[in-house]
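Asks: Can you look at this prediction? I've put the sequence above it.
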Amino acid sequence: MSESDVVLHLTEKIPIPYVRRIIPCLPEGHQDVRVLEYYISIDNKDKAILVDEKGIVSCKSQYRYAKNRSCGRIYSANSFQRLSNRTKSKIAAELQRNGIYLCQLDIVNCFHTIAEQILSSEKIENLELLSYCLNRTEIVDNILESHTMYTRKDIKKFFTAALHGGKGVHGIPQIDKFVTFIGD
């Protein structure tokens with residue numbers, strides 16, 4: 001990957017003394033340990049890293065599209081994005097105690113809602129997408145009743161993949177219908 005692949009640069013602040021205290025509290029193999037250990041391992045020699053007198057690291061993270069993609073969600077290898085919401089919340093609270101305010105937005109059903117609003121603003125009606133946005137919980141619950149092998153998270157991922165034009169082999173007619181309407 002080259003510098004030209006970078007879509008977004010963010011400076012993230014991480015309270016290293018606090019991170020050192022929470023790592024031992026996480027279960028062995030927890031998804032956050034690798035990223036938190038990365039933050040502990042970095043030092044001031046790197047031009048992208050600064051550590052202040054309180055031990056708070058300012059680390060420049062580079063975000064790129066997924067491999068072989070030129071649109072959609074962007075990712076960073078080692079960043080705040082990779083942490084679980086629970087760990088992010090704990091770190092945000094510690095930063096706030098140090099006078100640094102972090103705003104983490106987690107918008108429910110974000111991609112589908114924004115897509116529906118864009119279509120509506122262009123006077124393009126898509127009733128399947130609108131129905132999903134307005135009734136997601138009921139639609140997902142209905143699918144789970146007849147497809148017990150999947151989790152709520154799986155079903156939501158299937159709908160997101162469908163909105164991106166993906167076709168799964170899940171055998172769920174409601175999602176196949178959604179894909180047909182989205183593609184039109």
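Replies: Looks like it arrived, so ask away.
Asks: Output the below-cut-off pLDDT ranges for this structure.
Replies: By pLDDT under 70, the low-scoring segments of the chain are 1-3, 43-50, 103-106, 168, 179-184.
Asks: Could you break it into its assigned domains?
Replies: 3-97, 110-183 (automatic domain parsing).
Asks: gap between the first one and the chain center?
Replies: The one in question is domain 3-97. 13 Å (C-alpha atoms, centre = their mean, to the nearest Å).
Asks: What's the local residue count around the residue nearest to His147 when sequence neighbours are not counted?
Replies: Counting by C-beta to C-beta, 6 or more residues apart in numbering, His147 lies nearest to Ile172, which is 5.8 Å off, once chain neighbours are set aside. In short, each C-beta sits where N, CA and C put it, glycine included. The number of residues packed around Ile172, counting by other C-beta atoms under 10 Å, is 19.
Asks: same check, this time on Gln174
Replies: When neighbours are counted by other C-beta under 10 Å, Gln174 comes out with 19.
Asks: in which helix or strand would I find it?
Replies: Here Gln174, judged by DSSP states H and E, is contained in helix 173-183.
Asks: what about the most centrally placed residue in the chain, which SS state?
Replies: The residue lying closest to the centre of the chain (C-alpha atoms, centre = their mean) is Gln81, at 6.5 Å. Of the three states, Gln81 takes helix under DSSP: H, G, I helix; E, B strand; the rest coil.
Asks: Wait, it touches Tyr75, no?
Replies: Yes. Using C-beta atoms under 8 Å, Gln81 makes contact with Tyr75 at a distance of 6.9 Å.
Asks: Overlap of the contact sets of these two?
Replies: The contact sets of Gln81 and Tyr75 overlap at Tyr63 (C-beta atoms under 8 Å, 6 or more residues apart in numbering).
Asks: Do a quick rundown of the strands in the protein.
Replies: Secondary structure of the chain (DSSP state E): strands located at 6-15, 49-51, 56-65, 74-75.
Asks: tell me what the third one is packed against?
Replies: Packed against strand 56-65, as judged by 3 or more C-beta pairs under 8 Å, 6 or more residues apart in numbering; DSSP states H and E, are the following elements: strand 6-15, strand 49-51, strand 74-75.
Asks: Also compute the angle for the first one relative to strand 56-65, please.
Replies: If I follow you right, that is strand 6-15. 160 degrees (axes from the mean of the first three to the mean of the last three C-alpha atoms, to 10 degrees).
Asks: Run me through the strand neighbours of strand 6-15, direction for each.
Replies: Pairing partners of strand 6-15, with direction, according to DSSP bridges: strand 56-65 (antiparallel).
Asks: With Pro17 as the reference, measure out to the residue of the chain positioned farthest from its centre.
Replies: Computed with C-alpha atoms, centre = their mean, the residue of the chain farthest from its C-alpha average is Glu53, at 30.9 Å. For Glu53, the distance to Pro17 equals 11 Å [C-beta to C-beta, to the nearest Å].
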